[in-house]
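1. Fold the following for me, if possible:
(2 chains)
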Amino acid sequence: GQQVMQIPQYQHVQEGEDFTTYCNSSTTLSNIQWYKQRPGGHPVFLIQLVKSGEVKKQKRLTFQFGEAKKNSSLHITATQTTDVGTYFCAGKGAQKLVFGQGTRLTINP
Amino acid sequence: SAVISQKPSRDICQRGTSLTIQCQVDSQVTMMFWYRQQPGQSLTLIATANQGSEATYESGFVIDKFPISRPNLTFSTLTVSNMSPEDSSIYLCSVVIGAYTGELFFGEGSRLTVL
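-> Here you go, the predicted model:
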């Protein structure tokens, strides 16, 4: 069945450093979504990418969808302590939305 | 967007008992989902709650263990039956607002600990 792999599992950075998490699907996706879950909180939708090669930006966050629509990345420039949390990608295949394992970001102020 | 209220927010339960989690949405929604998130893990879809018909369960989840009700377009319940410590998880209700976008809104979750 469809699998969505996300790496790294954990990432610890100094405040101000950049951060990137990668998502790879075993099958071609119709779209990919990204969610952020703060410690003790629930997942909150960040963005959806639909088009091959699509790049979207939200302030310091840059999201990319691969040309083959099988991979995606989230890049945060100059991390801040408010960026702490777990970032999940979720890939939509033929029918189902499958979540990656998440990347837990911790930041040293 | 949507406001989703889940109750209880947390509970400590004894092995062998059952607990029902409620999910109330502030608007009518077609699709409601129940997810499980085990400690430090990702989100796993348990089932899709369908209004007026039986829920659709994902592989590995069965109705006897996780009965679901969906009496109307704003409310659903998930029961975790005959609980064991392995059922200790966060259970999340989620909805899609606007079938086209597919964006999920999540409730705050119900954190269950089974002793």
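
2. hey, where'd the strands end up in chain B?
-> B:4-7, B:10-13, B:19-25, B:32-37, B:44-49, B:56-57, B:68-72, B:75-80, B:89-96, B:104-106, B:110-114 (DSSP state E).

3. same thing with chain A?
-> A:4-7, A:10-14, A:19-25, A:31-37, A:44-49, A:55-58, A:61-65, A:71-76, A:85-92, A:97-99, A:103-108.

4. for those, which one ends up most surrounded?
-> When you average the neighbours per residue for each of the strands of chain A (mean count of other Cβ atoms under 10 Å in any protein chain shown), strand A:85-92 leads with a mean of 25. (C-beta placed from N, C-alpha, C; glycine too.)

5. residues making contact with that one?
-> Outside strand A:85-92, the residues that touch it by Cβ atoms under 8 Å, 6 or more residues apart in numbering or on different chains are A:2, A:4, A:6, A:21, A:23, A:25, A:29-39, A:41, A:43, A:72, A:74, A:97-100, A:102-105, B:42-43, B:102, B:104.

6. Parallel or antiparallel, which strands does that strand pair with?
-> strand A:31-37 (antiparallel), strand A:97-99 (antiparallel), strand A:103-108 (antiparallel) (DSSP bridges).

7. Send me it as CSV with only the CA atoms.
-> Taking Å, rounded to 0.1, in the frame of the first residue of the first chain, the C-alpha atoms of strand A:85-92 are listed here in CSV:
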residue,chain,number,x,y,z
GLY,A,85,7.0,21.2,17.2
THR,A,86,6.5,18.2,15.0
TYR,A,87,6.0,18.7,11.3
PHE,A,88,4.0,16.1,9.4
CYS,A,89,3.6,15.7,5.7
ALA,A,90,0.5,13.9,4.5
GLY,A,91,0.3,12.6,1.0
LYS,A,92,-2.9,12.0,-0.9
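
8. what's the offset of that strand from the middle of its chain?
-> Offset of strand A:85-92 from its chain centre (Cα atoms, centre = their mean, to the nearest Å): 5 Å.

9. Please apply the same query to stretch A:15-27.
-> With Cα atoms, centre = their mean, you get 6 Å for stretch A:15-27.

10. how about the residues of chain A that lie near chain B?
-> Applying Cβ under 8 Å from any Cβ of the partner chain, we find that chain A lies next to chain B at A:31, A:33, A:35, A:41-45, A:48, A:88, A:90, A:92, A:96-97, A:99-102.

11. try 10 Å this time
-> A:1, A:4, A:6, A:9, A:30-31, A:33, A:35, A:37, A:40-48, A:50, A:86, A:88-90, A:92, A:96-102, A:104 (Cβ under 10 Å from any Cβ of the partner chain).

12. about what we covered before: worst mean pLDDT among the strands paired with strand A:85-92?
-> Of all the strands paired with strand A:85-92, strand A:97-99 carries the lowest average pLDDT, namely a mean of 93.

13. which ones are touching the closest residue in space to A:E54 that isn't next to it in sequence?
-> Computed as Cβ to Cβ, 6 or more residues apart in numbering or on different chains, the closest residue to A:E54 that is not its neighbour in sequence is A:F65, at 4.4 Å. By Cβ atoms under 10 Å, 6 or more residues apart in numbering or on different chains, A:F65 lies in contact with A:23, A:29, A:31-32, A:48-56, A:71-73.

14. No further questions, thank you.
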